[in-house]
Structure formats: structure tokens, C-alpha cells
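K.L.:
Got a predicted model here, sequence first, then my questions.
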Amino acid sequence: MRVRLEPRLTDPTLAAYALRAAVGGGLALALSAGLLALSDHPPASVLDALVRGAFGSWPAVQSTLSKAVPIGLCAVGIALASRANLINIGAEGQFFFGAFAATGIGLCLPEDTAHPLAVALVLGAGLLGGAAWAALAAIPRAVLGMSEILTTLMLNYICLLWINYLVRGPWADPLTFSFPYSPPILDAGQLGPVFGAIQGGFPVLLAAVALLAVVDSGTRWGYELRVAGDAPEAARYSGINAAWIVISGLCASGALAGLAGAIEISATTGRLQTGLSPGYGFMGVLVAWLAGGRPLPILLVSILYAGLLNGGFSLQIAHIPGAISTVLQATILICILGAGSLARYRIRIVRSTTA
Amino acid sequence: MRAQIFGAALLTLAASLSPAGADEPLKAGFLYVGPRADAGWTARHDEARRCLEAAGIKTTFVESVPEGPDTARIEQDLIGQGYKAIFATAFGYQPFTQKVAKQNPDTHFFGIAPTIAPGANIQNVYGKLWDGRYLNGIVAGRMTKTNKIGFVAAQPIPPVIAGINAFALGVRSVNPKATVSVVWTLSWFDPPAEKQAAVALVEAGNDVIAQHQDTASALQGAIEKGAFAIGSESDMSAIGGDKVLTGTVWNWCELDKRLIKSVQDKAFRPGDYYGGLDDGVVGLAKMSPLVPTEVAKLVEEKRTAIAGGTFDYWKAPLKDNKGNVVLSEGKALGLPDIQKMRWLLEGVSGAVPQK
């Protein structure tokens, strides 16, 4: 007897998804509660602190929504590339290269640049920067068939080293006593918050999610991405340019991650620094997978994920050791990830016909 | 799942409308850059926090907070829960603290000096650690047999560089033949690299290893290899025994109490505060029984003289290790020079990683 994991033939409905996520969530809660009880922390009050830190007050909601912006944008990009069966593990590097390009423009523009123009140029530079970094993986894939999984992954490390070099060397701010910061970008290039204290990039995330929905449902390019991904032979037969699909798909994916980096520069730090991202590009992979690549679920999952991260810090304020909050986060993620996978795959028990 | 989020958001709105009472006793929230178990920098700040608790001040903490945008979110979270004195115990928190401080004029913030992001409700503190290192240097200079002393250092930033130079001056004051060799780990918290650096220094013939790192790993490496070690940040003799000759120690307890009192008494003063041997912020770790009493006596003499302001070991003329005069005859070296220091003293082998 063997156990096999088979892809389901039909896409599950949203309701089926929600049901499985709820079961996964429930399981996660039960496991976490057991874990907490074992470590002598009252489960109810700990989970309460987690939720309160994530969504428990208007400032908490604001900071969770703010944190969802870079995660969500990276996830939308990764989902977009996955339409064409392209696996982009390089959102982290594209994020940082976008941040680099945005900072470069932000440091060069004259101080009296008009605010909307400056913000547009800084964010635009991020888009182009992210796309350019993705192109380094896209072109070899299109021309030589080099695996984009490996190249996008490797390019992350190169980009991080590049940023490290910049902020410690040529771009180090002389006023920060050698701490690895670039000088601040111009004031006019800084994106203010919306609805109180929600990061100014939040509407951009909403727009990106909407854009993904539009690409899916109403554009020729979206159709070509999917055909090229699902049935490369059919795509070629019908005259779809495979190289164009690879390059445009990956570059658009990188552009969104780069935009996320530029938004962090413009709306959060105002300058380039190491530690700008605690791994948003990698979280994006997880979120895109959990959400099954669908636009609206990406938005929701990125918000929940951001809440989980912020809630983890609140646990510490409630005197729960940081290590326990990390274990809790991991437990919750694994359960939901498992539930999400079961929505797309089914377990079949195969009676072995004697070999 | 969606309904849940919106429900939570509504709940929160209601919860956020109940402000904390004005006459509530002052509570202190701490942000740590490393884990509390680092036996170094963070451990010392946590010691001070427990000291505040013992004095009746309610405190909490969040550990392993990277010097990035999360800083602001965590500070907001702490303030939201009624912590009106924030101790942000890493230099790189400053720009984020500044933003939060602007939005919360009635909260007081204590960061790590020198100030790069000032505010009316921000005071940054540090200590003249280099004075302690000079005293450590005297011990090292007298205890070395090979006349070769190693120094494992974190980041090439001015306070670390000044500490190495002061240490070398202390060594040379009792042993003009001894040299000091520096190895940079380029990280505050990288235990394997710190240990490896110490081992390499011992293998190269250095028989006393000093350090400026957040953990005790370099010291452990040195002692395992049979060398003497000099600790940093906390009293590391508990970890290394008698082979730990002495070391510098941070004592934040009394200072933090004074800072809290300054808020309570409405005597808060923004700007920089540098403690030292005089007020005890910088102290010496226990002297090992292996150190001869006359050496211990000499150290005590110099400590009193430096603390009393009657002795300045930065004596002109000084040359850097490339032969340039860095302090010409008749000049004195002040705090502003130390804050900008980017040269290593003559006789110190090693280089400051250059821009």
C-alpha cells in the first residue's frame, strides 16, 4: 500500500479553500495551545496577545496593513510569474535592487523637485530597478534555457552584497558615524501615510492586486502567459513568442518586487540601509503559495502574515520569550500551508498490485 | 476568514478609544538588538531593566529587534500599551525612534549616542568605554610573554576604533615592545566567526586576546587555545574562569534609574550623555588572581586619575600605523575627535576597512 499526493483535476472553490484554511488554523491553534501549556504559559492569554498585537487596536491594524505592503507586492509579482510557470525566488534581490535604484534617484534629484514628480520618479526607478535585476535571470532563461529558479535565487546574494558595499562604502552617510546608512533621499520624494498612519504604499498594493485580476481575466498578455506556462507546445503552435513571455513575465514580477523596495525607501526609512527587509521577498513566495496565486487571497494572506509577524513582537511585550513566539509563528504557518496544499492536492492511498 | 478580519478591525477601533490615565506610574519598555542570553551588550541592558524592576518600575522588553523599520512598529506597540519611557538600546534604532518620538511628544526615549536623529524628547547615552580599554591594555601589556596581543573587533566604527587605540596605548605604557593585532568580524553577533578569529590570533602567536563583541565567543576561543583573554561588555570570568584577566563592563543600572527619575521629576534633558569611569557606566570586570597585585594597584591608580580628570592618556604626538601624524604636539584629543576616529595607532597591525 502506498500513499500518493496527486494534484486535483479541478481548481478548488474559494469556499473549499476557506474551509481548509479554517481547519488548518484550528489545528494550528490546538497545537500552539498544547505547546504553550507545556511551557507554562496560559494559552488563551498568549493567543489573545498575538491577535491583539496584530489587529487589536487601530494603530496595530495600521502597522499590520503597512507591513503587508512589501510582502503583498512581492507575492503579487511571484504569482504573476507563476502564471507562465516561471518560479521567481529572487524577489528579495529585486526588492533591494529596486530600493537601490530608488535611493539613487532620490539622492540625485534637486531638493526643489515637485512632490508628486519626485515620488513618481523614485517609485518609477524602483520598478525599473527590480525589472532590470530580474532581467539578469530572465534573459539567460529565454535564450539559453537556464533555470530561473537557481539564477533568481543566486542573484539575491549578489544584490545583498552590493547593497552592503554601497552603504558601507561609496554611499555611506558621513553624518552617521560609519553606521551602514546612505544619506536620506530628498524630502519631496518621501511618500506620506494614508488614512492616518497606514503606509502610503497600501493603495499601490491594492492597485497591484487589482492589476493581477485584470491581467488574469481580460488581457491577451495574461492569456499568453498562462498558455505558455500550461502548454508550451500549444503556445508555440499558436505563434506566442516564448522568449517574450519569459522576459516580460519575469521582469514584470521583478518590477513589483522592486516597487516594494522603492516604497520602503520612500515611505518607511527614507534611506538605503542593511536590514531594510527582514526577508519580504521570501515571505512573498510563501504568501503567493498559500493564496494559490489568486489576487484577493494574496491581499488577505499578506495581511494575515504581516499580522502574525507584528503579533510575534507583541508576545514579547507580554513577557512571552521571543523563541516561543517564533515557534508559534512556524506552527501556524506549517498548519495553514499544509491545509492549503491539501486544497490543491489530494492524498490517495494506492493498493499495491504486487510487483 | 474575511469576516473575521473585519470583525477584529472593528473591535480594535472600539478598544483604541480608551486612553491611558495621565497619573499612571511610569513604565519602561526596552528594545534589545540581540538575545538576552548574549552574555554581553544586551545582557547588560537586561540587567539594568531588572534593576529598574527591583526599584519598583514596571518594565517589559522585546529582544532580537533588527535595526530597521520594525523598530518603529515595536515602539508604537509599547507606547500603545502605556510604556512612556522607551529604552532603544542600539545605535541604529535612532532614525526610527525619531519618527515615533515626533508623533508621541509625551513619551521619553533613550537611545545610544552619538546622536544622528535628535528630538526634544530623545536622549542618547553611551560611555567612554575607551578609558576602560586603556586600563585593560595595562594588564595585557604586563601579562603577555610573546609581546603579541590580539584584538577581535566587531565593526570598524569610531567607538570600537577608539577602544583599540586606547587599549594599545595602555599596552605600550607598560610594555613598549608589545604589538596589537586586530581582526574584524564585521558583525556584532556572529559567535562562530568571533571564536574563529580568536583561535587564528592565538595560532599566530598572540597570547592575550582582547575583544569588542556582543558575546563571549572570542574569549572562549582564546581560552580553549590556552591564551589569556580580556572580556568586554559584561564580567566574563563566569564563562572563562581565571584565564579571563579582566575586561570592561557596562553598568547601566544606576544611569537608567537616573534617566527614569529625570522623566518623573520633569528634568529630562535631550541630547547626548557620555558616562564613564567616573559615574560607573564603564567599569572593570573582576581582576583575575593570576594578575600580580602591583599590576592591579597600578590599574587602580590610573582608574582614579582618569576618573578624576587628572590624567589623559591621549598624549601628543600620536601617529597612525601608516605614519601620518594624527595628534600634533600641543593638541588634545576630545570627544568630537573620538567620535570621528578612523585611524589605528602606530604599532597596531591591521587596517580599518576603508571606504
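P.N.:
Yep, that arrived.
K.L.:
In the stretch 251-355 of chain A, what residue comes closest to chain B?
P.N.:
residue A:275 (3.8 Å; C-beta to the nearest C-beta). Every C-beta, even on glycine, is put in place using the N, C-alpha and C of the backbone.
K.L.:
So the closest residue to that residue other than its chain neighbours, which state does it fall into?
P.N.:
With C-beta to C-beta, 6 or more residues apart in numbering or on different chains as the criterion, residue A:275 has its nearest non-adjacent residue at 3.8 Å, and that residue is residue B:68. Applying DSSP: H, G, I helix; E, B strand; the rest coil to residue B:68 yields a three-state assignment of coil.
K.L.:
How many neighbouring residues does residue B:68 have?
P.N.:
By other C-beta atoms under 10 Å in any protein chain shown, the residues close to residue B:68 number 20.
K.L.:
what's downstream of the helix or strand harbouring residue A:66, the next helix or strand?
P.N.:
Element membership for residue A:66, per DSSP states H and E: helix A:58-83. Remark: after helix A:58-83, the chain's next helix or strand is helix A:91-108, criterion DSSP H and E.
K.L.:
Give me the mean pLDDT for that following helix.
P.N.:
Computed over helix A:91-108, the mean pLDDT rounds to 97.
K.L.:
Now do whichever helix or strand comes after it: distance to the chain's middle.
P.N.:
With elements assigned by DSSP H and E, the helix or strand that comes after helix A:91-108 is helix A:115-144. Its chain's C-alpha centre and that of helix A:115-144 lie 16 Å apart, by C-alpha atoms, centre = their mean, to the nearest Å.
K.L.:
Distance check, residue B:189 against chain A.
P.N.:
13 Å (C-beta to the nearest C-beta, to the nearest Å).
K.L.:
close enough to count as contact, the residue nearest to residue A:275 and residue A:279?
P.N.:
No - between residue B:68 and residue A:279 no contact is recorded; they are 11.1 Å apart, counting by C-beta atoms under 8 Å.
K.L.:
joint contacts of the two?
P.N.:
Common neighbours of residue B:68 and residue A:279, using C-beta atoms under 8 Å, 6 or more residues apart in numbering or on different chains, do not exist here.
K.L.:
Now do the strands in chain A.
P.N.:
With DSSP state E, the ranges of strands along chain A come out as A:2-7, A:345-350.
K.L.:
Return the set of buried residues in the helix holding residue A:66.
P.N.:
A:58-83 (16 or more other C-beta atoms under 10 Å in any protein chain shown).
K.L.:
Go ahead and measure how far that helix is from the middle of the chain.
P.N.:
Worked out by C-alpha atoms, centre = their mean, helix A:58-83 lies 6 Å from the chain centre.
K.L.:
Could you list the low-pLDDT ranges of chain A?
P.N.:
Filtered on pLDDT under 70, chain A yields the residue ranges A:1, A:12, A:352-355.
K.L.:
Repeat the analysis, applying 50 as the threshold.
P.N.:
Applying pLDDT under 50 to chain A picks out residues A:355.
K.L.:
which residues does the most centrally placed residue in chain A contact?
P.N.:
The residue lying closest to the centre of chain A (C-alpha atoms, centre = their mean) is residue A:284, at 2.3 Å. Applying C-beta under 8 Å, 6+ apart to residue A:284 gives the contacts A:71, A:72, A:73, A:74, A:75, A:77, A:78, A:91, A:257.
K.L.:
quick one: contacts for the residue lying closest to it once chain neighbours are set aside?
P.N.:
Counting by C-beta to C-beta, 6+ apart, residue A:284 lies nearest to residue A:74, which is 2.8 Å off, once chain neighbours are set aside. By C-beta under 8 Å, 6+ apart, the contact set of residue A:74 is A:91, A:92, A:95, A:256, A:257, A:260, A:280, A:281, A:283, A:284, A:285, A:287.
K.L.:
Tell me, how many residues neighbour the nearest residue to the second one once chain neighbours are set aside?
P.N.:
Pointing back at residue A:92 there. Distance criterion C-beta to C-beta, 6+ apart; nearest residue to residue A:92, sequence neighbours excluded, is residue A:281 at 2.9 Å. As a burial measure, residue A:281 scores 29 neighbours (other C-beta under 10 Å).
K.L.:
Same question for residue A:272.
P.N.:
28.
K.L.:
Just list the residues touching residue A:133, thanks.
P.N.:
By C-beta under 8 Å, 6+ apart, the contact set of residue A:133 is A:90, A:93, A:94, A:97, A:98, A:155, A:159, A:254, A:258.
K.L.:
give me that answer again for 7 Å
P.N.:
The neighbours of residue A:133, taking C-beta atoms under 7 Å, 6 or more residues apart in numbering or on different chains as the test, are A:93, A:94, A:97, A:155, A:159, A:254, A:258.
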